[in-house]
Structure formats: C-alpha cells, structure tokens
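Chemist: everything below, folded, please.
(one chain, ligands or ions: 2)
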Amino acid sequence: MFLVNFVAEIQKTMVETPKNIAVIGATGSIGTQTLEIIDSHPELYRATVIAAGRRVDDLIALARKHRPALAVIADVNKYSVLRDALEPLGIRTAAGDQALCDAVCRDDVDMVVTATVGYSGLAPTIAAINAGKDIALANKETLVVAGRYITDLLSKSKSRVYPVDSEHSAIYQCLVGEDREKVKKLIITASGGPFRKWSVEQMAHAKASDALKHPNWSMGAKITIDSATMMNKAFEIIEAKWLFGFDVDKIEAVVHPQSIVHSMVEFTDGAIKAQLGLPDMKLPIAYALDEGRRLPGAEKPLSISDYATLTFERPDTDRFPCLTLAREAMHRGGNSACVINAANEIAVAAFLEGRIGFNDIYSVIVRTLDKISYIADPVYEDFVATNNEARIFAESILY
Ligand code: NDP
Ligand code: MG
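Modeler: Ligands and ions are numbered 1, 2, ... in the order given. As a prediction, this is how the structure comes out:
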C-alpha cells in the first residue's frame, strides 16, 4: 500500500474555481511560503483557514492580509487576543487542539497544508483524512509516528496526499508515468548540514547557533537541528517508505552538499532520473497545491551552467548515528518510530535551550527507545500514550 498515486497524475484538468486551502502552521517557514503562493494566484487558491501554535501576533497579521474565514490558535491562552483583533473584521476565531481538527474538516476546505512541526501534525491530519480532504503533506513527523496507521486510514478515504518535502516532491516528479515494478531504488539527497565536515569531538562542543546555520536551506529551528544530526534524513527515509510504498532497504541517502539535485529514482534498466532546482521550497509547495501540475514561475530558474561541479558522497553513519535509526525503527516496527520522534523532539528542544550537548541528542533517543514498552500493532490511543511516556522519560534523563 502506498499513499501517492503517481501514475497518470499529470492528466488531471485544471479546476475552474479557486481551491479553498487550510494552512495549519501558517506562521512557520512552510506556512508563510504557502500563503505567499496563494496570494500570488488568487485565481487558483484562497486561504479559508489559517492556524498556528502560539505566535498570536503573527497569526493576526497574516489574517489581516489574507482574510480567511477562520483563524485558529492552538494555545488557548492566546484566544482572547486573537478574537478581539479579528472578530471585528468579520473573521471567525477559535482556539485549542480540537478547534484545529474541526477547522480542517469544514465544508469550505478542499485541501489541507500540514505545515505544523512535530507530533502536533498527527491529530489534524487524521481529522482531515476522516473528512476526505486532500492533503499537501509537509509535516513528515505524522508519517514517522504513525505511517502504517495513516496508510490504512487513507485506503478507506477519498483523501489524496501530495508531498511537500523537496526530496519527496522530487521522487514524485521522477515517478510520474513510470511502472513501480521497474523501480530499483529511491535515492534521497542530503546537504550534510552545517557539521558535514566536523569531527565527533567538535560536534560535542557545538552550540545551537552553530547548528542553526544551515548551509543551503532556511527552515524552522526544529528541522534545522534535525538536518544537523541527519535525523531529518532518517525521517525522510521513513516518509518515503509510506508515501511511495517501497521497503526502506530500497531507499538510500546520499550526501549532495550543493542541494541542487533534490532526489533521484534508479530503475531496473540502470537509468537514474533526478529532479533539479535551486534550494527553494516554493516549487515543491506549488507542485503539491496544484496536485502534481506545474505552476509557471513557481521557483526562480536554475542556471545550470553556474554549477561547474555537483558532488555526491556516502553519509558517515559513525559521525551521524541518527541516520541509522530510520532503518532500525522500521525493522522494529510497531510504536518504535513514535518513540524516536518524541524523544527527538524533547532532545532537540533541550539542545536549543542549551541544556544538553549536540551529541547527547542521539543518546537521549537511544535510551528512550530502550525504555518505552514495545507495542506491535498500535492504534491511535497507543500513539498518544507512547508519545506522552517517551516525552516524560526523555525529559527525566536530561542533564
Ligand atoms: P516552523 O517551526 O517554521 O513552523 C511551525 C509551525 O507550526 C508554526 O506555524 C507554529 O506556530 C506551528 N505549530 C507549532 N506547534 C503547534 C501546535 N501544537 N499546534 C498547531 N500549530 C503548531 O516549521 P517549518 O515550517 O520549518 O516546518 C513545518 C513542517 O514542515 C515540519 O514538519 C518540517 O519537518 C516540514 N518541512 C519543512 C521544510 C522547510 O523548508 N521549512 C522542508 C520540508 C519539510 P507558532 O510558531 O505560532 O507556534
Ligand atoms: Mg526535505
């Protein structure tokens, strides 16, 4: 079973009325770029719902500009500020996790962009699938935590999933029109992050400000740290498994420091197809919003002759052990990846706050994975319980 139907996607016809979009995680890196695309194409898109976690002032500013029907803030303590600013403008407001789930199910939502970070993406994504909404999936953690569960839900829903992550968008683009039986391998590129050339000893003393200096991409803080540990690539291997339905042993990561080749697919005849572009999320976001069609000028053009050299190297799993956790989690199955995700969120937050060192992120995850009880065939309540237990345990071992 796989989530992305890449065969004949290209044959769809354009819709005539603007598509109504719910952007959850509107104040973040993906969310704001999504709203910029929507703003540039009022004939194609309309933001009917925007939602955020805590940054109420940013959400209010976005609502004033984009005039959605509804603005939602997850943090209930910020509700009165949101309501007082927006209700006089005729914009409905709501707060809390349940309000977020209700918002994506509204009749005036055609597609949900899941641009929240971490475990918080799971519940609204499930709500959107149960309501039969199409999903532009940025929140990879949803598939890391509960890939099999989400896949099963999608098989019973009319929702379709379009990948936003640049590597998965690249693979999707390479697969259009191809026979999946002829796919030998998915090759996911990784920039290598800011510590690509650092020793383990150097990384032990790395500060948050060092890890936040991503060489090619401008992203939210959590995914930027995940890129530095290469946990992001581990998560992307799991994400690719569930999106495209290939075993993790057929998915490989390769370090490509220029971030021009966004990913590749190798076929049984030896051919390798790649998708190239500048490191800019506008193209994959637009490709997902447009359900696998091409929006003219979605991204600045790449002048290929400016790149005399594109290089590729094997990742160093000794220096970046988080990368191996993807395969380990998939081989263990059950709730293992949910544990890894929860422990990673706690450890990354602690590193950003200066409470633990960079190399401790991996240790916290491994110790948590050893401690939390294994559940072979988790249902939704098991993910909730596992996420809570793993967070509490990971927090308890921080030093
Ligand atoms: P950011 O940190 O920039 O933004 C996160 C967004 O999620 C913010 O709008 C934030 O709101 C919101 N949010 C946080 N917690 C909650 C919550 N509990 N309930 C509702 N909303 C919440 O993240 P990014 O945009 O960088 O990443 C978003 C997702 O996209 C991640 O899963 C990431 O892995 C994925 N992704 C990102 C890429 C990128 O280029 N940035 C590339 C590929 C994938 P607030 O700030 O108001 O609290
Ligand atoms: Mg990516």
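Chemist: contact partners for the residue of the stretch 201-350 of the chain found nearest ligand 2?
Modeler: Of all residues in the stretch 201-350 of the chain, Glu236 sits closest to ligand 2, at 5.5 Å by C-beta to the ion. All C-beta atoms are positioned from the backbone trio N, CA, C, and that covers glycine. For Glu236, the contact set (C-beta atoms under 8 Å, 6 or more residues apart in numbering) comprises 140, 165, 167-168, 188, 253.
Chemist: does it sit in a helix, a strand or a coil?
Modeler: helix (DSSP: H, G, I helix; E, B strand; the rest coil).
Chemist: pull up the gap between it and ligand 1, please.
Modeler: 9 Å (C-beta to the nearest ligand atom, to the nearest Å).
Chemist: quick one, grab the pLDDT at that residue.
Modeler: Listed pLDDT for Glu236 reads 98.
Chemist: tell me how far it lies from Gly118.
Modeler: 15 Å (C-beta to C-beta, to the nearest Å).
Chemist: equivalent analysis for Leu302, please.
Modeler: Relative to Gly118, Leu302 is positioned 31 Å away (C-beta to C-beta).
Chemist: over to Ile37?
Modeler: From Ile37 to Gly118 the distance is 23 Å (C-beta to C-beta).
Chemist: same thing with Ala131?
Modeler: 22 Å.
Chemist: check Asp58 too.
Modeler: Asp58 sits 18 Å away from Gly118, going by C-beta to C-beta.
Chemist: same question for Lys250.
Modeler: In this view, Lys250 and Gly118 are 27 Å apart by C-beta to C-beta.
Chemist: and Asp58 and Gly118? which has more neighbours close in?
Modeler: Using other C-beta atoms under 10 Å as the criterion, Asp58 and Gly118 rank with Gly118 on top: 23 against 15.
Chemist: let me know the pLDDT of the residue in the chain that ligand 1 sits nearest to.
Modeler: The nearest approach of the chain to ligand 1 comes at Gly28, 1.9 Å away (C-beta to the nearest ligand atom). Looking at Gly28, its pLDDT is 98.
Chemist: number of residues surrounding it?
Modeler: The burial count for Gly28: 24, using other C-beta under 10 Å.
Chemist: name the nearest residue to it, ignoring sequence neighbours.
Modeler: Spatial nearest neighbour of Gly28, excluding adjacent residues (C-beta to C-beta, 6 or more residues apart in numbering): Gly220 at 5.2 Å.
Chemist: please apply the same query to Ala337.
Modeler: Of all residues not flanking Ala337 in the chain, Ala329 sits nearest, at 4.1 Å (C-beta to C-beta, 6+ apart).
Chemist: tell me where the stretch 1-150 of the chain is predicted with low confidence.
Modeler: 1-16 (pLDDT under 70).
Chemist: around ligand 1, pick out the residues from it.
Modeler: 25-31, 52-55, 74, 100, 115-117, 120, 138-141 (C-beta under 6 Å from any ligand atom).
Chemist: let me know the pLDDT of the nearest residue to Thr309 once chain neighbours are set aside.
Modeler: Spatial nearest neighbour of Thr309, excluding adjacent residues (C-beta to C-beta, 6+ apart): Gln258 at 7.8 Å. If you check Gln258, the pLDDT there is 96.
Chemist: same question, the one 10 residues further on
Modeler: At Thr268, the predicted lDDT confidence score is 98.
Chemist: contacts only, for it.
Modeler: Contact analysis of Thr268 by C-beta under 8 Å, 6+ apart lists 182-184.
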